[in-house]
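> show me how the following folds:
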Amino acid sequence: MARQPVVRHNDWGSLTPATLGDWEPTLSVTVVVPTFNYQQKLPYVLAGLAAQSYPSHLLEVLVVDDQSSPTQELPEVRPDNTRLIRVEEGWGRANACHLGALAAEGEVLHWYDADMLAHREEVEAHARWHHLIDYAVPGGHKLFVDPTSLFELDPAVVRDRVAAGEAADLFPGEEHEPHQWVEDYWAKTDDLRTAGPRAQRYHIGMTGSVTKALYLDSDGFDRQLRLGEDMHLGHSLAQAGGVFVVDREARSWHLGRSQVLRRAEQVNRYNDPYLADLVPTMRPKRNRHGRTYQVPYLEVVLQAGPADDTIRVVDSLLDGDVPDLRITIVGPWSSVHEDRVQPVEDPVLETRLVHRSYLHEPRVRLVESFDGTTDAEFLLTLPDVSLAPLAPAVSAVLDDLERTHHGVRLLSYGTGVAARIERTAASARVARLAGDGDDRDALLDESFGVKEYDAASVGWVPTAEREVERFVLGARPAMDPVKSENKLRRALAKADASERAPASEPEVEKKGLFGRRRP
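This next block holds a predicted model:
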């Protein structure tokens, strides 16, 4: 079987989609329509879908009733193959869309909200991308319009006009509004071609589609989310290797202004803590210092070695400029026992010391095996514990990856081994592309980019040389409270002055990389 085309970063412009109306589709498509109390608009949504250019024998429409009151019923005017299922457990769009995805019979899932009216080629425009690659995530173009005049028409009339290619003329004289913040970003990034990892941020699920295979390979919708679920799904699909496509020929009317447009500030206020916790690429929503989140930005994996070296390396990572991380230490932790033994002669002493050092550290997990999968944005795999990073080193390399949109950084230890920092989305895409005998690193380089540095040149030092600052509090008599208060206030004033002072130029003539003294 021929390998799929390789898309570099998010530059979908390298693909050539079929011309609408001039190709032969083969993939089945399920349009998933979640609905909650859209009894007035749903007949028009289904009327538009009944007029699609996509072959009717390949098109299924699945209406998911999210406990509407009164209960949603299917209108007379609808696509031939339309089913209705009802939500029995949970609530919200994410929950309904996920249930629809599991129940769908199509090879392609197309999310379509119950306040959207499709132009004739809307489904066809989406589907053509999935015939090219199985990791496309196309999004369509929409305009917001007041639907009042539409409700004066019979749905059968709307169906016939859409089928005749007249969807654009359904609202004569009505003002319509683009999705401006999306359009602005599309304009800045050549319709997401140059957006790289940020493309996922603009996945707006009202008109999105994806192969069912890619959806099932991803984490899918987070069914607990009540808002922002489309942006989280964009992250999930990116982590599974997705490429985000803008298809301006996949056109729709949005019947009324969305809640986000009507109440943007309130919606963003609600969404921010959820999306910050779940989506590492939304870094502006995360604190630079002092915080960890449910889904980490970075996961570091290392095999436990001699206790002293392992502890120094892990402490160095925890001391670094990337607090938003999870450290996974692989070792035989089940061998740590409570049997009577001379403590310093314990056969598993090295394991015990590492185990106890991190048993209660929330950013460290102790596992006996690691399968290579992570939910983090980046995965750093250490070959051994011979080198440790200076405080700014890991952050600096990650920033280098972010600037270039690359997929991998190799940090050579000079002993024939290397640390490897890999973008999870890049690994997932290569897994979709690679066949038997393919060079995966070559595919990584082709699809994202790979670069190698000497580890010592980017802030990694012999483990024994890496010191993590500890508290110093020698035994001494009690200090006079007034003198102690004076020291307290001087310390706070010094810290305040340091924070307020403008950044000084680095002492390049005296210090080397990351402030290390030049020899």
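
> grab the most central residue of the protein for me.
For the chain, the residue nearest the mean C-alpha position is H235 (2.4 Å; CA atoms, centre = their mean).

> any idea how far M231 is from the nearest residue to that residue once chain neighbours are set aside?
Setting aside the residues directly before and after it, H235 is nearest to V279 in space (CB to CB, 6 or more residues apart in numbering), at 4.5 Å. All C-beta spots, glycine's among them, are computed from the backbone N, C-alpha and C. According to CB to CB, to the nearest Å, V279 and M231 sit 7 Å apart.

> and these two? which has more neighbours close in?
The neighbour count for V279 versus M231, taken as other CB atoms under 10 Å, is higher for V279 (26 against 23).

> from T373, how far out is the more buried one?
To T373, V279 is 18 Å away according to CB to CB.

> same deal with K487?
For K487, the distance to T373 equals 51 Å [CB to CB].

> quick one: contacts for V245?
Taking CB atoms under 8 Å, 6 or more residues apart in numbering, we find V245 in contact with W12, L15, W129, A136, V137, P138, G139, L192.

> what distance do you get for the last one to R283?
Here the criterion is CB to CB. By it, L192 lies 18 Å from R283.

> the two: which has the busier surroundings?
L192 (27 against 14).

> and Q259, how many neighbours?
Q259 has 11 neighbours, counted by other CB under 10 Å.

> what about the protein, any weak spots by pLDDT?
1-2, 205-206, 502-519 (pLDDT under 70).

> sheet partners, orientation included, of the longest strand along it?
Counting residues, the longest strand found in the chain (DSSP state E) is strand 243-255. Paired strands of strand 243-255, with direction, are strand 116-118 (antiparallel), strand 136-145 (parallel) (DSSP bridges).

> redo these as JSON lines? Include mean neighbour count.
Converted to JSON lines, those look like this (neighbours: other CB atoms under 10 Å):
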{"stretch": "strand 116-118", "mean neighbour count": "26"}
{"stretch": "strand 136-145", "mean neighbour count": "23"}
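
> with distance to Y293 added, can I get the ones you listed in TSV?
Converted to TSV, the strands paired with strand 243-255 look like this (distance: least, CB to CB, whole Å):
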stretch	distance to Y293
strand 116-118	33
strand 136-145	24
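
> before we move on, back to that, quick one, phi psi at the residue nearest to H235?
phi -120, psi 100 (degrees, to the nearest 10).

> ok, it - contacts?
By CB under 8 Å, 6+ apart, the residues touching V279 are M231, H232, H235, K285, V295.

> show me which positions of the helix or strand where D272 lies end up buried.
Using DSSP states H and E, D272 maps to helix 264-278. Under the neighbour-count criterion of 16 or more other CB atoms under 10 Å, helix 264-278 has V267, N271, Y274, L275, A276, D277, L278 buried.

> what of stretch 76-83?
For stretch 76-83, by 16+ other CB under 10 Å, it's V77, R78, P79, N81, T82.

> can you tell me the closest non-neighbouring residue to the last one?
Going back to what we said before, that points to T82. V61 is the one closest to T82 (CB to CB, 6+ apart), at 4.4 Å.

> OK, contacts around the one you found?
Going by CB under 8 Å, 6+ apart, V61 touches T30, V31, V33, L46, L49, R78, P79, N81, T82, R83.

> show me those that map onto helices.
Using DSSP state H, the members of these that fall within helices are L46, L49.

> D115 against N37, yeah?
No: counting by CB atoms under 8 Å, N37 is not a contact partner of D115; they are 10.9 Å apart.

> just to revisit the earlier point, adding distance to F378, write the contacts of V61 out as JSON lines.
Converted to JSON lines, the contacts of V61 look like this (distance: CB to CB, whole Å):
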{"residue": "T30", "distance to F378": "34"}
{"residue": "V31", "distance to F378": "35"}
{"residue": "V33", "distance to F378": "37"}
{"residue": "L46", "distance to F378": "44"}
{"residue": "L49", "distance to F378": "40"}
{"residue": "R78", "distance to F378": "46"}
{"residue": "P79", "distance to F378": "43"}
{"residue": "N81", "distance to F378": "43"}
{"residue": "T82", "distance to F378": "43"}
{"residue": "R83", "distance to F378": "41"}
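
> which of the contacts of V61 sits closest to V158?
Closest approach to V158 among the contacts of V61 (CB to CB): L46, at 9.8 Å.

> residues near the closest one, how many?
27.

> likewise the one 5 residues further on?
For A51, the tally of surrounding residues (other CB under 10 Å) stands at 23.

> kindly report the same for A195.
A195 has 22 nearby residues by other CB under 10 Å.

> could you pull up phi and psi at the residue nearest to it when sequence neighbours are not counted?
Of all residues not flanking A195 in the chain, T189 sits nearest, at 4.1 Å (CB to CB, 6+ apart). Backbone geometry at T189, expressed as degrees, to the nearest 10, gives phi -120, psi 20.
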